[in-house]
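Novice: Need coordinates for the following:
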Amino acid sequence: LAHFRSKELFAGFHATGSRRLELRGGGEPVVLQREAEGRWQLGGPEVGWARMGMVDGLLRVLRQAEATRFVAEAGADLDEYGLDAPWRELRAERAEDIDENRVARLRVGELCGEHTDERYAIAGDEGPVVCVPVGDLDGLEVDRTALHEDRLLPVSNDAIEKLVLLRGDGRFELRREEGDWQLFTGPASDPGEPQAASADAIAEWTAQLREARAQAFEGFEGEPGHGVGDPSARLTVQRSDREETLTIRLGDAGAEGTWVRRGDEGALVRFAPEAAALFDVGGSRFRARELLSDVQASQVRRVTRREGTRTEAAQKEPDGSWAMTAPFEQDADRVTLSALTEALAGLTAARIVADEASREHGLSSPELVLEAELTAEEGAAAPEAEPRTVTLQVGAVTDGGRFARLGTSGLVFVLDARSLEALRAPLVSRDLLSLPLEEMSGLRLERAGETHELVADGTGWALAAGGAPDEARTRALIDRLGTLRATEVLSYGPAQRELPTRVVATAREGGATTTLSIGAPEGEGAAAIVPVRVSGVDVTYGVRPDLLTAIVEYTP
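Specialist: Below is the predicted model:
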């Protein structure tokens with residue numbers, strides 16, 4: 001008949017409605033009381049909020065505990081099963097106005113004989129005595145050193161609907177609207193227009209709040225001490241998963257620690273000194289990090305960059321190409337300008353730092369100033385699409401990049417190294433090293449006291465002194481000279497080093513010459529670079545050594 005008996009020990013008891021829990025055995029009794037807003041407070045010698053993982057574990061035992069076998073009926077001798085002085089005893093009480101199944105009592109004794117993966121147990125005061133799987137009882141093995149909810153913010157991100165931080169005269173509000181976060185920086189009576197907020201920045205901050213761990217709990221009567229009664233900051237958290245608004249009050253903060261009170265918790269909680277800095281944040285930290293979301297790369301028609309004493313400028317031609325106008329007139333590099341305009345249009349802060357610049361940001365005398373003149377996209381009607389100029393200032397080095405701002409005042413942010421690389425690359429074309437050999441009548445290669453000279457011969461090349469050069473090596477030489485592109489731009493202005501290898505190309509018409517000057521490799525391994533210049537261009541380029549092998553090692 002045992003096959004047909006209900007195996008559930010507390011079938012009529014709804015554990016989630018419990019208002020009080022008491023666990024005995026394994027140390028001092030643990031008493032838990034559920035408050036009106038749903039939080040569990042510790043009772044007895046301990047004070048403060050209980051760790052929800054522990055509470056959930058106890059309630060899960062009541063919900064899941066099932067008998068694997070029936071051992072004895074009511075009136076059994078309990079000491080035979082270790083139930084007179086049980087290993088654990090759990091008592092749960094529901095609200096007083098509930099008439100039936102208001103109290104659940106579970107006593108757990110010794111292992112069930114040869115069934116070492118089970119323990120004897122009895123539900124209620126009468127029995128029967130049953131065996132219950134040990135795995136169903138895990139929640140009863142409570143770590144008494146971890147009874148407290150020790151997180152500064154015991155709410156998950158998904159459960160947060162709104163955050164409001166008050167500190168002195170400052171206030172900001174973060175509100176979730178249809179899944180997206182919005183920032184309000186005005187007073188509560190008039191919070192102002194919403195601004196797009198960064199979900200990543202909010203998640204980073206709330207994660208830091210959750211990761212802060214309590215160091216001590218102190219009960220109190222009457223007005224709370226440690227400055228919590230007159231808090232220097234208030235963080236209010238409105239939940240979306242239940243009717244609860246949690247306010248965290250910041251009290252005294254010093255070398256001995258940071259004191260707070262969470263909601264109506266019956267204890268003051270001390271955290272590490274650095275926890276106070278988590279309340280010293282402004283709304284600017286949470287602004288959306290996409291800084292020029294209304295700009296498209298195709299709108300940029302002119303770029304001017306000032307870095308130190310050097311000024312570079314380039315403008316877009318009607319055919320879509322780019323031409324330099326400073327420090328000299330020359331072709332601009334299409335790849336560099338494409339990367340720069342894309343980086344500008346997608347300008348994203350690694351993090352937001354401050355609402356206004358200070359001396360440490362290095363923006364009063366910025367290292368780099370980039371101005372981009374924009375034109376409206378064809379057919380654009382939005383006011384923000386009207387022609388305008390965007391100015392970017394880049395200042396001092398900081399963790400993860402450099403401080404920067406748009407315009408001469410306002411939001412200070414950090415640009416990462418990748419964005420800076422695209423915005424700082426020299427604008428001059430890197431294709432100016434390639435020689436238009438189809439227009440040339442002769443080539444002369446001079447290096448280390450030897451000279452090799454070639455002349456155009458129909459569609460090929462011949463030795464100036466007569467005879468035919470090696471076909472494969474000569475083809476490799478011609479191909480490289482006709483397609484050579486610089487790896488980087490080393491400097492503007494005169495050459496700062498000797499460039500002993502020269503390639504002189506003579507034009508078919510007029511006899512004008514173009515000279516390519518090549519230096520010795522500098523640096524080692526993957527970092528090695530060869531300085532190269534071309535006549536008529538006041539630039540020293542850098543080229544990877546392997547790209548020059550066919551030239552510097554050429555023999556006919």
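Novice: So what's the residue count around residue 195?
Specialist: Each residue near residue 195 was counted by other Cβ atoms under 10 Å, and the total is 15. Placement of C-beta: from N, CA and C, glycine included.
Novice: what are the phi and psi angles of it?
Specialist: Here is the backbone geometry of residue 195 (degrees, to the nearest 10): phi -120, psi 150.
Novice: just residue 39 next, same as before
Specialist: phi -80, psi 150.
Novice: got the contact list for it?
Specialist: If you count contacts by Cβ atoms under 8 Å, 6 or more residues apart in numbering, residue 39 has them with 49, 263, 265.
Novice: Swap in 7 Å and give it another go.
Specialist: With contact set as Cβ atoms under 7 Å, 6 or more residues apart in numbering, residue 39 has these partners: 49, 263.
Novice: what do you get for residue 83?
Specialist: Counting by Cβ under 7 Å, 6+ apart, the residues that residue 83 touches are 107, 109, 120, 122, 129.
Novice: one more time with 6 Å
Specialist: When contacts are counted by Cβ atoms under 6 Å, 6 or more residues apart in numbering, residue 83 is found next to 107, 109, 122.
Novice: Identify the residue spatially nearest to the first one, adjacent ones excluded.
Specialist: Distance criterion Cβ to Cβ, 6 or more residues apart in numbering; nearest residue to residue 107, sequence neighbours excluded, is residue 86 at 4.1 Å.
Novice: burial count for residue 315?
Specialist: Burial measure for residue 315: 15 neighbouring residues, criterion other Cβ under 10 Å.
Novice: which element is it on?
Specialist: The secondary structure element spanning residue 315 is strand 310-316 (assigned by DSSP states H and E).
Novice: In its sheet, which strands sit next to that strand, and in what direction?
Specialist: Taking DSSP bridges as the criterion, strand 310-316 sits next to strand 300-307 (antiparallel), strand 322-326 (antiparallel) in its sheet.
Novice: Turn those into TSV, including mean pLDDT.
Specialist: As requested, the strands paired with strand 310-316 are arranged in TSV below (pLDDT from 0 to 100):
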stretch	mean pLDDT
strand 300-307	96
strand 322-326	96
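Novice: could those be laid out in JSON lines, adding distance to residue 524 and mean neighbour count?
Specialist: Shown next, in JSON lines, are the strands paired with strand 310-316 (distance: least, Cβ to Cβ, whole Å; neighbours: other Cβ atoms under 10 Å):
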{"stretch": "strand 300-307", "distance to residue 524": "28", "mean neighbour count": "19"}
{"stretch": "strand 322-326", "distance to residue 524": "33", "mean neighbour count": "18"}
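Novice: Which stretch among those strands approaches residue 405 most closely?
Specialist: Nearest of the strands paired with strand 310-316 to residue 405, taken as Cβ to Cβ: strand 300-307 at 15.4 Å.
Novice: And the contacts of that closest one?
Specialist: Contacts of strand 300-307 (Cβ under 6 Å, 6+ apart): 312-316, 341, 368-373, 375.
Novice: For that strand, what is the distance to the chain centroid?
Specialist: Strand 300-307 has its C-alpha centroid displaced from the chain centroid by 30 Å (Cα atoms, centre = their mean, to the nearest Å).
Novice: quick one on the thing from earlier: rebuild the strands paired with strand 310-316 as JSON lines, extending it with distance to residue 389.
Specialist: Converted to JSON lines, these look like this (distance: least, Cβ to Cβ, whole Å):
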{"stretch": "strand 300-307", "distance to residue 389": "9"}
{"stretch": "strand 322-326", "distance to residue 389": "16"}
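Novice: closest one to residue 220 among those?
Specialist: Shortest separation from residue 220 across the strands paired with strand 310-316 is recorded for strand 300-307, at 59.2 Å, computed as Cβ to Cβ.
Novice: Residue 532 should be in a strand, yeah?
Specialist: Yes. The assignment for residue 532, made by DSSP: H, G, I helix; E, B strand; the rest coil, places it in a strand.
Novice: How about the contacts made by it?
Specialist: For residue 532, counting by Cβ under 6 Å, 6+ apart, the contacting residues are 518, 541, 543.
Novice: one more time with 8 Å
Specialist: 433, 486, 499, 516, 517, 518, 519, 540, 541, 542, 543, 548.
Novice: Mind picking the one among the residues you listed that's closest to residue 82?
Specialist: For residue 82, the nearest member of the contacts of residue 532 is residue 542. The distance, counting by Cβ to Cβ, is 81.6 Å.
Novice: and the closest one, what does it touch?
Specialist: Residues counted as contacts of residue 542 (Cβ under 8 Å, 6+ apart) are 486, 487, 488, 489, 490, 529, 530, 531, 532.
Novice: Report the secondary structure state of the first one.
Specialist: Going back to what we said before, that points to residue 486. Going by three-state DSSP, the secondary structure assigned to residue 486 is coil.
Novice: Help me confirm that it comes into contact with residue 540.
Specialist: No. Here residue 486 does not reach residue 540: they are 9.6 Å apart, not a contact under Cβ atoms under 8 Å.
Novice: Scan the contacts of residue 532 and report the most crowded one.
Specialist: The member of the contacts of residue 532 surrounded by the most neighbours (other Cβ under 10 Å) is residue 486, with 26 neighbours in all.
Novice: give the contact list for that residue.
Specialist: If a contact means Cβ under 8 Å, 6+ apart, then residue 486 has 430, 431, 432, 433, 532, 541, 542, 543 as its contacts.
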